[in-house]
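**Q** model the structure of this input:
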Amino acid sequence: MRTFRTATLGATTLALLLGACTSGGSSASPSVAASEPAASEAPSVEATAGPSIASTLVLGGPPECPERPFCLLGLQEKYGLEFKEFTPLDAGGPLTVQALTGGQIQVGLLFTSDPAIAVNGFVLLEDDKQLQLADNLIPVVRKEVLDANPLIADTLNAIVAKLSQDELTELNKAVTVDLTPTTDAAKAWLTKVAIPTVGGGNGSVTVGSTNFYEQEILGEIFAQALEANGFTVERKFQLGNREIVFPALESGQIDILAEYAATALEHVNGGAGQATTDPAATSAAFVAALEPKGLVALDYAEATDQNGFVVTKATADQYGLVTIGDLAKPAP
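**A** Sure, this is the predicted structure:
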């Protein structure tokens with residue numbers, strides 16, 4: 001599980017400049033730290049049938065990756081993968097992007113909503129054995145506000161139902177790479193996916209965000225959709241880290257926040273280790289943990305922001321790679 005993201009739009013722009021010498025451009029997501037190990041599984045049977053595809057490829061990632069349960073250690077224990085070698089780079093940043101596009105590595109760790117994936121046409125390998133904890137996006141709302149305005153739940157749930165991994169990545173790209181103003185990117189996305197506008201909302205609500213650009217983008221989407229349904233919306237974005245924003249939510253300074261299920265659950269429960277790789281189970285535990293605080297977690301999105309392993313399209317095509325598990329297949 002990842003710690004709180006601290007990146008801002010400015011940091012992302014700097015990362016883009018640092019990686020500008022790559023063939024396709026680059027971007028970076030915030031650095032993260034892993035926590036408790038996930039349960040191990042027996043290695044894939046296919047991994048024992050001669051040299052695997054992974055054994056011919058170089059993996060790149062943060063220097064601590066070989067000891068981290070959600071990085072190389074997890075790939076070894078859960079997927080049975082042994083790579084040709086490991087190259088220490090950065091935590092989902094421009095060095096990893098540059099090494100992928102330059103061919104110094106063939107598999108790299110990026111974050112699943114990193115706009116660099118879209119910019120460079122990388123293939124995000126499906127985590128088919130669920131190595132990563134379920135950090136699916138999920139709206140959190142004050143119960144008092146939700147009880148008075150049930151339309152809020154309908155509106156936000158309609159948004160997350162449309163929020164696929166590709167859609168979130170493209171939204172991040174639009175703002176941090178294409179430099180589309182956040183308000184314009186949110187409006188264009190809401191129009192594209194045709195979120196229903198039924199009207200009938202009344203009263204004022206406040207949408208907040210941490211100082212992570214992705215949460216601000218989502219906050220703006222929430223705000224515009226609610227305004228379209230008749231609510232008066234105040235925006236309080238870039239408030240700070242989770243230690244600042246969650247007390248603001250509980251105290252009523254803000255009413256709505258885009259969150260990440262596993263990371264937020266472990267924040268609320270003090271790191272009790274309830275988060276799992278199952279988004280439904282993690283979401284249910286999050287709902288239960290929020291109840292005493294007068295908060296409600298709504299539906300979770302398909303989209304996540306968590307560790308992901310990517311390859312170039314050329315590598316994916318060469319080896320027929322769709323999932324992480326495919327790396328355990330015999331090398332051609």
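
**Q** what does the helix ranked longest in the chain contact?
**A** In the chain, with assignment by DSSP state H, the single longest helix is helix 213-228. Residues outside helix 213-228 that contact it (CB atoms under 8 Å, 6 or more residues apart in numbering) are 5, 7-9, 12, 113, 137, 139, 152, 155-156, 158-159, 168, 171-172, 175-176, 182-183, 185-187, 189-190, 195, 197, 201, 205, 207-209, 233, 235, 237-238, 256-258, 305. (Glycine included, C-beta is placed from N, CA and C.)

**Q** which ones among those residues are found in helices?
**A** Among those, DSSP H puts 9, 12, 152, 155-156, 158-159, 168, 171-172, 175-176, 182-183, 185-187, 189-190 in helices.

**Q** are any of these buried, and which?
**A** Neighbour-count burial (16 or more other CB atoms under 10 Å) is assigned, among the ones in helices among the contacts of helix 213-228, to 9, 12, 152, 155-156, 158-159, 168, 171-172, 175-176, 182, 185-187, 189-190.

**Q** lowest average confidence, helix or strand, in this structure?
**A** The weakest-scoring helix or strand in the chain, judged by mean pLDDT, DSSP states H and E, is helix 9-18 (a mean of 32).

**Q** low-confidence ranges in the stretch 51-200 of the chain?
**A** Of all residues in the stretch 51-200 of the chain, none has pLDDT under 70.

**Q** redo that, cut-off 90
**A** 68, 91-93, 195-200 (pLDDT under 90).

**Q** can you give me the strands for it?
**A** Using DSSP state E, counting those that start in this stretch, the strands of the stretch 51-200 of the chain run over 58-61, 85-88, 107-111, 123-124, 137-142.

**Q** returning to what we had before: show the average pLDDT along the longest helix of the chain.
**A** In this model, helix 213-228 has a mean pLDDT of 97.

**Q** report the buried residues of it.
**A** Under the neighbour-count criterion of 16+ other CB under 10 Å, helix 213-228 has 213-226, 228 buried.

**Q** secondary structure element for residue 290?
**A** Assigned by DSSP states H and E, residue 290 belongs to helix 279-290.

**Q** so how far is that helix off the chain centroid?
**A** 17 Å (CA atoms, centre = their mean, to the nearest Å).

**Q** again, but for stretch 201-213
**A** 20 Å.

**Q** which parts of that stretch are buried?
**A** Buried-residue list, stretch 201-213, by 16+ other CB under 10 Å: 201, 205, 206, 207, 208, 209, 210, 211, 212, 213.

**Q** min pLDDT across those residues, which one?
**A** Ranking the buried residues of stretch 201-213 by pLDDT, residue 201 lands last with 85.

**Q** check contacts around the closest residue to residue 132 other than its chain neighbours.
**A** In space, and not counting its chain neighbours, residue 132 is closest to residue 306: 4.7 Å by CB to CB, 6 or more residues apart in numbering. Taking CB under 8 Å, 6+ apart as the contact definition, residue 306 lies against 2, 111, 112, 132, 133, 135, 260, 262.

**Q** can you report phi and psi for residue 306?
**A** Main-chain torsions, residue 306, degrees, to the nearest 10: phi -150, psi 180.

**Q** how much space between it and residue 239?
**A** As judged by CB to CB, to the nearest Å, residue 306 and residue 239 stand 23 Å apart.

**Q** could you do residue 302 as well?
**A** Applying CB to CB to residue 302 and residue 239 gives a distance of 27 Å.

**Q** which one of those two is surrounded by more residues?
**A** Comparing residue 302 with residue 239 by other CB atoms under 10 Å, the one with more neighbours is residue 239, at 19 against 16.

**Q** which pair of the buried residues of stretch 201-213 spans the longest distance?
**A** Greatest spatial distance in the buried residues of stretch 201-213: 201 and 211, 28.0 Å, computed using CB to CB.

**Q** hmm, back to that, among the buried residues of stretch 201-213, which one lies nearest to residue 243?
**A** For the buried residues of stretch 201-213, the nearest to residue 243 is residue 210 (9.8 Å; CB to CB).

**Q** read off the pLDDT value for the residue nearest to the closest one when sequence neighbours are not counted.
**A** Among residues not flanking residue 210 along the chain, residue 245 sits closest, at 5.1 Å (CB to CB, 6+ apart). Residue-level confidence at residue 245 comes out at 95, pLDDT.

**Q** packing partners of whichever strand or helix holds residue 245?
**A** Element membership of residue 245, judged by DSSP H and E, is helix 242-251. Packing partners of helix 242-251 (3 or more CB pairs under 8 Å, 6 or more residues apart in numbering; DSSP states H and E): strand 204-208, helix 261-268.

**Q** mind listing residues that contact that helix?
**A** The set of residues external to helix 242-251 that reach it, using CB under 8 Å, 6+ apart, is 4, 140, 142, 208-210, 236, 239, 254-255, 257, 264, 267-268, 293-295.

**Q** one more time with 10 Å, if that's ok
**A** 3-5, 140-142, 206, 208-212, 215, 236, 238-240, 253-257, 259-260, 263-264, 267-268, 290, 293-295 (CB atoms under 10 Å, 6 or more residues apart in numbering).
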